[in-house]
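1. The following comprises the amino acid sequence and a computationally predicted model.
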Protein chains: 2
Amino acid sequence: MRIALAQLNPTIGALQENAKKVETCYAEAKANGADLVVFTELSLSGYPPKDLLLYESFLDQEKDLIVHKLAPLTESGPPMIIGAAHRQSGKLYNGAFYLEKGSIKSIHLKTLLPNFDVFDEERYFTRCTDRRVELIGTLPVAITVCEDIWNDNDFFPDPLYDTDPLVNLFAQGAHLLLNLSASPYHLGKHQLREKMLPFLARKYNSAVIYLNQVGGNDDLVFDGSSLVYNNRGELIYRAAAFDEELFYVETEDLYKKAKKVIPPDHDNISTVQQVLTLGIKDYTAKTGFEKVVLGLSGGIDSALAAWLAAEALGPQNVLGVLMPSPYSSEHSIKDATALAENLGIENRLIHIDKPFQSFIELLNEENKAIQDLAEENLQARIRGNIIMHISNREGHLALATGNKSELAVGYSTLYGDMAGGLAPLSDLPKMMVYELAEHINEQNGREIIPHNTLTKPPSAELRPDQKDEDSLPPYDILDQILYYYIEENLSTGDIIAEGFDDKTVKKVVRMVDTSEFKRRQAATGLRITTRSFGIGRRMPIARGYR
Amino acid sequence: MRIALAQLNPTIGALQENAKKVETCYAEAKANGADLVVFTELSLSGYPPKDLLLYESFLDQEKDLIVHKLAPLTESGPPMIIGAAHRQSGKLYNGAFYLEKGSIKSIHLKTLLPNFDVFDEERYFTRCTDRRVELIGTLPVAITVCEDIWNDNDFFPDPLYDTDPLVNLFAQGAHLLLNLSASPYHLGKHQLREKMLPFLARKYNSAVIYLNQVGGNDDLVFDGSSLVYNNRGELIYRAAAFDEELFYVETEDLYKKAKKVIPPDHDNISTVQQVLTLGIKDYTAKTGFEKVVLGLSGGIDSALAAWLAAEALGPQNVLGVLMPSPYSSEHSIKDATALAENLGIENRLIHIDKPFQSFIELLNEENKAIQDLAEENLQARIRGNIIMHISNREGHLALATGNKSELAVGYSTLYGDMAGGLAPLSDLPKMMVYELAEHINEQNGREIIPHNTLTKPPSAELRPDQKDEDSLPPYDILDQILYYYIEENLSTGDIIAEGFDDKTVKKVVRMVDTSEFKRRQAATGLRITTRSFGIGRRMPIARGYR
């Protein structure tokens, strides 16, 4: 049997367009002799559809496409398995529809509903307890949706759920585990998948096909990287990372020794680069923009963001704006200009001295700057105004260029450098910003991010001779403390016990806690780490816990 | 038996301070001869603690307070029932601790975990299935936590959950239903409670004590309004709305005819006023501010916000800033000044012409305004800069004054009039803004909101002779369409079928959909309606569904 597997990039809620993609793919698979065509979890709505699922009209349209557009295709073609929402007795389920000979033959409903981290599936769906193996040809197949395979009691020391649907499905004699997924990327996920999936194959002596969604949807980037294992747990095929692919598996290959060894995949800094470029590309296109605008300070963050945007959209679609203030150094303009030239992007120089001075005259008793925090923020906000003005007038998407370390400790100006529709680096710790910038220069064999940008001490340049390290611990220390506090949920005491300075840890934790109000109003970021801000970390603003 | 019931206002996460409140209350109740002292759901952490629950150290501290501070109080005093998180076999539960004679006698764990609307309890807690009635003295008591009583199959035509813990608890012979709640206010909730609770009393021939948290926590305002019913379903006592109260119930009164008839409570516009003043007061205090600053445009929204702030914090703690632009009308300054005088608040006049002109010179080819959307937004953002500058320099919390109708259709400027830490009116439709403003004048028997502010056609005054109705349908129509689309989740077709103009509905729905990116970065609002923006409505930004 020849199974076609469609790793596609849907747009959330674009039911008609997504269905058209499915149709095109199905036609191609059919032409290529497929005996079965499989699509990902919630293929028609895209994942995650969020509160669109609360609109009955949305569910009606989705169902209508299944019944009147997709099922009919299987009258004269191979069966199809596709993920979609399913209403039954007043409840909503996350299902895999098995379409055959023009109608819905069966629906396999999801049992394990992730409701942690960035996931909210209990908000929408009901857990299904009744699972049955589907006989496809002569092959008993466990058709599962995403999380359903992620609760193995032997693999995970602390399984999240009380039940493991696989136990029941394999007890029914399943010999192929087929998983329709929409699994967003975070650091370490490739390794985890490539350990867990072959474990299941070996444990149950079953082939495993893991089919994942690809593409950026707001803050989440789905990496594709679908995987096929034979019943010995040997990797047979790995689909494209960060790209669409329609690929084929011959079931006879699933139950014999692999023809060649495919080395395991490890995410690294170049994976991060792919996440960010795809995230920028898809967010821009899916919100209807072509071009982006961002401020270029001469610093590392805006340089990296500009490179990523140029890579994602083409340099002709990136506008960099240099906005020196009275406190900007000479090198900041020089470095930013060098970067723009290296990237081949358009750049504009707009001095903010005059509006800054006009605000000073309005807001200070004497007509001169007093260099307090309010004036630092004011400069950043004037720049924000200019970026948004260009965005509004010329129709560019504004990018905010702050990194995760800054966002964590609130070392950023709300409505200033935080202004923008997308903040591509906001889940990237500062040390990783450096690592990625250096990787880009190495990879290209030439200086793209200017050397001076990489080596000069980071500075906001909002008052004379300001350096980030005047206010913050060195970034290598800061990033470690932030990792323990935000990703590992350790307490101040626990972090100090890891060997960090008492005062520094307390200061950092306090900065994180008191800048929650800024993060609540931050632009959408692109998720990279195991705990990103935004819906991945839901914290009260008004709070007394320290 | 004399039961003391403590309707308190905790600060989220302030474990020590909240425990101190509990202790003080307990001491008072003990002095007043209480035989049992009861507190609300998650009393020590406050509700909702959100991702603080993911910190083991937080749970450790909370447990420590129960075991070493609160339980010991009951060695020489009456038993206590208090809501707190409970870890058991690697799972977390939302529990009611029954403390007696110095130790934890039993823990009653929540079964029904709300995970819709603004609630995320499945993110943190595990459902408990094993429930037992507690014999307190000779009285069999069903000790329940919040949602556990909200799934009666006879009362609700479509119950949300598969099980109803009350069926089991009353089968065990419970004769008093005690419910520890943290139930945030929304319109209509008073009526709903006062229908559902007596229904349960009559159905089970049981007394019902409903004890609710009070106070504002970020976007949610808890109204208190705890209720006591006898076993005939007659209301025996209603505690203070929007205020703390320690009150007492004699159990003998619970099983005989009520001494007097307490008329049912209906929320109305004055309830809304209480929600907003308490929300402003608590958000300001719990984030550590004393004073607020807001722009006064002469329009109805800023006038209402200023009145509410003055009511919540005292007029001496409110600073109104008048920021006329070249397009501001004469009456806008006059009306805003009149308002400030009526309220007795400080006001400042800052003309924005000069910074506006300096931006024009920087951004336009010729040195004059071209009056496009970018320049409209620019004026709003200059005002945002000034408000934030005052906030940063003088330590005032900035209030954004936009209403729900504007926020819904994106008729507002991101980083401009949307700038601020709290947006008190952002869940108040425009027609309700008018209703509340008129109510305030009536209630006070004099013109507080200036007559002209109430009667002039709404305008953003960002270009000459601009009126809201140039861009939007009349607010009475707009608000109805928004109600159907946002609160009722009706489709465009369904709304048109309600009798609205086809083009108007499509335009409004499109405006709502395309301004999601603005709402994602909006300031925290105060929840009033059954569906507020923010975590109450989780929508994708990049999306194709129309």
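-> Yep, it's here.
2. that's a strand at residue A:81, yeah?
-> Yes: assigned with DSSP: H, G, I helix; E, B strand; the rest coil, residue A:81 falls within a strand.
3. Now do it against chain B, distance only.
-> Separation of residue A:81 from chain B (CB to the nearest CB, to the nearest Å): 23 Å. All C-beta atoms are positioned from the backbone trio N, CA, C, and that covers glycine.
4. residue contacts, the closest residue to that residue other than its chain neighbours?
-> Spatial nearest neighbour of residue A:81, chain neighbours left out: residue A:38 (4.7 Å); criterion: CB to CB, 6 or more residues apart in numbering or on different chains. Contacts for residue A:38 (CB atoms under 8 Å, 6 or more residues apart in numbering or on different chains) come out as A:3, A:4, A:5, A:6, A:80, A:81, A:82, A:178, A:180, A:209, A:211.
5. same thing with residue A:316?
-> A:345, A:346.
6. what about it, distance to chain B?
-> Taken as CB to the nearest CB, the span from residue A:316 to chain B is 22 Å.
7. now swap in residue A:304 and tell me
-> Using CB to the nearest CB, residue A:304 is found at 22 Å from chain B.
8. One more: residue A:14?
-> For residue A:14 relative to chain B (CB to the nearest CB), the value is 2 Å.
9. By neighbours, which of the contacts of residue A:38 wins?
-> residue A:180 (30 neighbours; other CB atoms under 10 Å in any protein chain shown).
10. That residue belongs to a strand, doesn't it?
-> Yes: applying three-state DSSP, one finds residue A:180 inside a strand.
11. Can you tell me the SS state at residue A:453?
-> Assignment for residue A:453 (three-state DSSP): helix.
12. how far away is it from residue A:90?
-> When distance is defined by CB to CB, to the nearest Å, residue A:453 is 58 Å away from residue A:90.
13. Pick out the residue of the stretch 201-350 of chain A closest to chain B.
-> residue A:286 (3.6 Å; CB to the nearest CB).
14. make that the stretch 351-500 of chain A, sorry
-> Closest contact between the stretch 351-500 of chain A and chain B, by CB to the nearest CB, is at residue A:491 (3.3 Å).
15. which ones are touching that residue?
-> Listed by CB under 8 Å, 6+ apart, the contact partners of residue A:491 are B:55, B:56, B:57, B:58.
16. Backbone dihedrals for it, please?
-> Dihedral angles of residue A:491 (phi, psi; degrees, to the nearest 10) stand at phi -80, psi 170.
17. With the one 4 residues further on instead?
-> Its backbone dihedrals place residue A:495 at phi -70, psi -40, with angles given as degrees, to the nearest 10.
18. so how far is residue A:468 from it?
-> 21 Å.
19. before we move on, what about residue A:400?
-> For residue A:400, the distance to residue A:468 - CB to CB - is 17 Å.
20. neighbour count winner among the two?
-> More neighbours surround residue A:400 than the other of residue A:400 and residue A:468, with 28 against 19 (other CB under 10 Å).
21. nearest residue to the more buried one other than its sequence neighbours?
-> residue A:420 (3.4 Å).
22. give me every residue that touches the one you found.
-> A:294, A:387, A:397, A:398, A:399, A:400, A:401, A:523.
23. Quick check: it vs residue B:50, distance?
-> The spacing between residue A:420 and residue B:50, counted by CB to CB, is 26 Å.
24. With residue A:411 instead?
-> For residue A:411, the distance to residue B:50 - CB to CB - is 23 Å.
25. got it, and residue A:391?
-> To residue B:50, residue A:391 is 32 Å away according to CB to CB.
26. Of these two, which one has the most company?
-> Counted by other CB under 10 Å, residue A:391 and residue B:50 do not tie: residue A:391 has more neighbours, with 25 against 22.
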